[in-house]
Structures are given as C-alpha cells and as structure tokens.
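Participant: Provide a 3D model corresponding to the input given below.
(one chain, ligands or ions: 1)
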Amino acid sequence: MKISVIGAGNVGASAASAILLRGIADDIALVDIFGDVARAKAIDLSQSAAVFGLDASVAGGDDFELIADSDIVVVTAGSPRKEGQTREDLLLKNAGIVKGTVEKIAKFAPNCVIINVTNPLDALTYLVYKTSGFDKNRVLGMAGELDSARLKYEISQKTGLKNSAFSAHIIGSHNDDMVALQSNVSVDLGGEFDAVAQEAKTGGAKIVKLLGTSAYYAPGAAAAKMCEAIKTDSEQWLSCCVIEGECAGGRLVRLGKNGVREIREPSAEEKAALEKGESQTAVNIKFLKESGVIA
Ligand SMILES: NC(=O)c1ccc[n+]([C@@H]2O[C@H](COP(=O)([O-])OP(=O)(O)OC[C@H]3O[C@@H](n4cnc5c(N)ncnc54)[C@H](O)[C@@H]3O)[C@@H](O)[C@H]2O)c1
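Facilitator: As a prediction, this is how the structure comes out:
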C-alpha cells in the first residue's frame with residue numbers, strides 16, 4: 001500500500017511517522033512546498049524505519065509526481081491555529097491551499113482515498129469533495145477519532161481506567177458544538193459525563209494555549225488509524241467526517257479499500273444535537289461558494 005502525506009509540518013510528519021512505525025504502508029511520500037523540509041523528514045523517517053528493521057520506503061520533496069499511484073493521500077497542508085484563533089479563522093487561507101493541493105491529487109493519484117486534516121475540517125473536507133470530483137465515499141476528514149481520543153483521555157484521567165478498558169466516541173463537527181455520545185461510553189461516570197465531555201471538547205485549545213500551536217502527535221496517530229482501517233477493511237466503527245448531502249460532518253463509519261463502507265445512522269436525538277455544529281459548517285461552505293472557492 002502507498003500512502004502520501006501532503007504537508008510535512010507537525011501533523012503531516014507525525015502522521016507519516018505513525019503510518020510508518022505501525023507498518024501500514026510499504027511506500028510513503030511526503031510532499032511540502034518546502035521541498036528540502038520534506039526531503040529531510042523523509043530521510044529522518046527512513047532512518048527511524050532502519051531503527052526497527054522495517055522495509056517501508058519514504059520519499060520526500062515538493063514534486064506532486066511523488067504521490068503517483070497512492071492508495072491514500074492525507075492532506076495536512078495549511079496553517080494551524082495560534083492562540084486566540086478559532087478554526088474558522090483559518091478558512092479562506094487554508095481553503096486556497098487545500099484547493100490547489102487537491103487539484104494535484106486528482107491529477108497524480110486519481111484512484112486514491114483522500115483524508116483531509118486541514119482546518120476548518122468539515123468545510124474543507126466538503127471543498128476536497130467538490131474540487132476532486134471523487135465519489136463521496138472516497139473523501140474523508142479526520143477529526144472525530146482525535147476528539148474521541150481526547151474524550152478517552154479525560155475519562156481515563158477521571159476514573160483511572162486504562163484506555164483499553166473502555167470505548168468512547170465524539171461525532172459531529174470539529175468545533176465547539178461537537179457531540180459526545182454518552183450512550184456509547186462504556187463507563188458509568190455518575191452524572192459527570194457532561195463536565196468530562198466539555199474538557200475533551202476544549203482539549204485542542206488547551207494544547208494551543210500551552211504550545212503556541214496546535215497538537216500533532218494525536219492528530220497524526222488518528223489519521224494513521226483511519227489509514228489502517230482503510231487498508232484492513234476494518235469492522236471497527238470510527239468517527240470520521242463524511243459528505244452528507246450538501247454538507248460534511250462527523251459520523252460513526254466503517255472504512256475499507258474504497259473509503260466509506262457503511263455509515264451508522266444517528267438517532268433522532270443525536271441528529272438534533274448535530275444540527276448546531278453543522279449549521280456553522282453550512283455557513284462556512286456558503287462563504288466558500290460566495291467567495292468563488294467552490295464553483
Ligand atoms: N483535523 C484535526 O483534528 C486537526 C488537528 C490538528 C491540526 N489540524 C490542522 O492541520 C493543519 C496542519 O497543521 P500543522 O500543525 O501540521 O501545521 P504546520 O505549519 O506545522 O504544517 C503545515 C505544512 O503545510 C505546508 N504547506 C503549506 N502550503 C502548502 C502547499 N500548498 N502544498 C504543500 N504543503 C504546503 C507548510 O509548508 C507546512 O510544512 C492545520 O490546518 C491545522 O489546523 C487539524
């Protein structure tokens with residue numbers, strides 16, 4: 001399997017490292033406008049493969065021909081949040097970067113599954129769909145697996161339970177109105193679920209405040225997990241952003257070689273909870289249409 005990552009910055013390099021060290025791909029390509037950065041990180045990653053005696057190859061540079069014949073392309077090109085910025089503040093600048101990137105993906109890797117990571121996640125995943133011309137099952141966004149991991153972290157902190165002892169999911173939009181699924185949490189939090197969920201929802205902002213930029217190890221790991229599920233036609237339900245009509249939002253899905261295999265239909269109560277976050281995504285998409293970024 002060949003997996004390419006566009007953007008060799010914090011999230012892109014972390015995703016490539018997780019993909020490599022979990023043995024998900026035989027070939028990895030890392031592309032960045034700063035070709036030497038991508039080349040250097042590809043050499044560094046190749047040497048980390050040598051540490052573990054792994055045979056996967058890693059190439060890097062600024063030439064999109066490197067991504068030819070990729071099965072999966074992960075898009076991380078774009079600016080991250082700085083302190084005080086919302087994900088929405090990144091909309092127009094990152095939309096231009098993602099659009100240009102996806103035009104090249106459609107040219108050089110026309111049969112791949114695209115996983116968008118660049119924020120604001122949901123509106124830009126919709127932009128990926130419209131720009132690529134791909135079937136909607138081959139366009140995904142990564143956010144829900146990260147948000148769900150943050151919920152697991154908070155539950156583990158609260159209860160002392162190990163990660164392997166329970167499951168938890170967050171779906172919906174990658175903004176303040178994401179939806180933690182209490183019915184899916186296999187731990188009794190005794191009435192404290194909402195407070196714990198709120199900690200998870202603001203988990204990204206807490207890291208931005210401490211670090212001055214957004215998180216990258218967990219986002220990279222979450223993108224790698226989606227790649228692994230695609231490769232293995234996994235039976236696991238993952239929280240991923242998918243195209244829903246004329247919008248995009250996080251749902252529990254099963255992934256496989258062609259991308260989305262199955263979407264779990266939200267309950268009526270969940271649908272009502274999803275509306276607020278997705279109305280923000282709809283506003284962002286409308287703005288991209290009015291700005292001419294989406295034709
Ligand atoms: N979906 C999520 O859950 C999630 C989580 C964390 C970060 N993010 C987002 O991921 C994106 C990347 O974050 P980061 O921390 O890696 O940023 P970063 O600045 O470390 O890396 C971004 C990289 O993109 C490159 N780039 C910019 N324009 C490009 C282009 N046209 N072609 C190729 N490469 C290009 C830059 O040179 C840089 O190396 C941001 O938009 C951030 O908000 C999303």
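Participant: per the record, what domains does this structure have?
Facilitator: Under the assignment named as the TED database, the residue ranges that make up the domains of the chain are 2-142, 144-291.
Participant: measure Ser267 to the ligand for me?
Facilitator: Using C-beta to the nearest ligand atom, to the nearest Å, Ser267 is found at 25 Å from the ligand. From N, CA and C alone the C-beta is placed, and that goes for glycine too.
Participant: same question, Cys240
Facilitator: As judged by C-beta to the nearest ligand atom, Cys240 and the ligand stand 11 Å apart.
Participant: before we move on, back to that, quick check: which of the domains of the chain is buried the most?
Facilitator: Among the domains of the chain, the stretch with the highest mean neighbour count (mean count of other C-beta atoms under 10 Å) is domain 2-142, at a mean of 21.
Participant: roughly how far out does that domain sit from the chain middle?
Facilitator: When distances are taken as C-alpha atoms, centre = their mean, to the nearest Å, domain 2-142 is centred 10 Å away from the chain's centroid.
Participant: Name the residues that touch stretch 192-204?
Facilitator: Outside of stretch 192-204, the residues within contact range by C-beta atoms under 8 Å, 6 or more residues apart in numbering are 81, 146-147, 150-151, 153-155, 158, 170, 176, 178, 180, 182, 185, 189, 214-215.
Participant: which among those are in contact with the ligand?
Facilitator: Intersecting the contacts of stretch 192-204 with the contacts of the ligand gives Arg81, Leu146, Ser214, Ala215 (criterion: C-beta under 6 Å from any ligand atom).
Participant: Isn't the first one up against Tyr216?
Facilitator: By that I understand Arg81. No. Using C-beta atoms under 8 Å, Arg81 is not in contact with Tyr216, being 11.8 Å away.
Participant: Quick check: phi and psi at Val113.
Facilitator: Dihedral angles of Val113 (phi, psi; degrees, to the nearest 10) stand at phi -100, psi 130.
Participant: which one's the longest helix in this protein?
Facilitator: For the chain, the helix reaching the highest residue count under DSSP state H is reported as helix 268-290.
Participant: which outside residues touch it?
Facilitator: With C-beta under 8 Å, 6+ apart as the test, helix 268-290 has contacts from 88, 91-92, 95, 120, 122-123, 126-127, 171-173, 175-179, 181, 244, 246-249, 266, 294.
Participant: Let's see that with 7 Å instead.
Facilitator: Among residues not part of helix 268-290, those counted as contacts by C-beta atoms under 7 Å, 6 or more residues apart in numbering are 88, 91, 95, 120, 122-123, 126-127, 172-173, 175, 177-179, 247-249, 266, 294.
Participant: can I assume Lys209 is in contact with Glu83?
Facilitator: Yes. Using C-beta atoms under 7 Å, Lys209 is in contact with Glu83, at 5.8 Å.
Participant: tell me the contacts of the closest residue to Ala109 other than its chain neighbours?
Facilitator: What sits nearest to Ala109 in space, not counting adjacent residues and going by C-beta to C-beta, 6 or more residues apart in numbering, is Ser70, at 4.1 Å. Each residue near Ser70 by C-beta under 7 Å, 6+ apart is listed here: Lys2, Ile3, Ser4, Ala29, Ala109, Cys112.
Participant: Look at Ser70 and tell me its secondary structure.
Facilitator: When states are read from DSSP: H, G, I helix; E, B strand; the rest coil, the local structure at Ser70 comes out as coil.
Participant: for this protein, which strand is longest?
Facilitator: Scanning the chain for the strand with the most residues, using DSSP state E, yields strand 247-256.
Participant: can you state the direction angle for that one and helix 268-290?
Facilitator: Strand 247-256 and helix 268-290 are oriented at 110 degrees to each other (axes from the mean of the first three to the mean of the last three C-alpha atoms, to 10 degrees).
Participant: Which strands and helices lie in contact with strand 247-256?
Facilitator: Contact here means 3 or more C-beta pairs under 7 Å, 6 or more residues apart in numbering; DSSP states H and E; on that basis strand 247-256 packs against helix 121-132, strand 170-171, helix 217-232, strand 238-244, strand 259-263, helix 268-290.
Participant: Get me the contact residues on this structure for the ligand.
Facilitator: 6-12, 31-34, 76-81, 90, 94, 97, 100-101, 117-119, 121, 142-143, 146, 174, 213-216, 219.
Participant: what's the helix or strand for Asp188?
Facilitator: Under the criterion of DSSP states H and E, Asp188 resides outside all helices and strands.
Participant: That one and Gly292, how far apart?
Facilitator: For Asp188, the distance to Gly292 under the criterion C-beta to C-beta, to the nearest Å works out to 51 Å.
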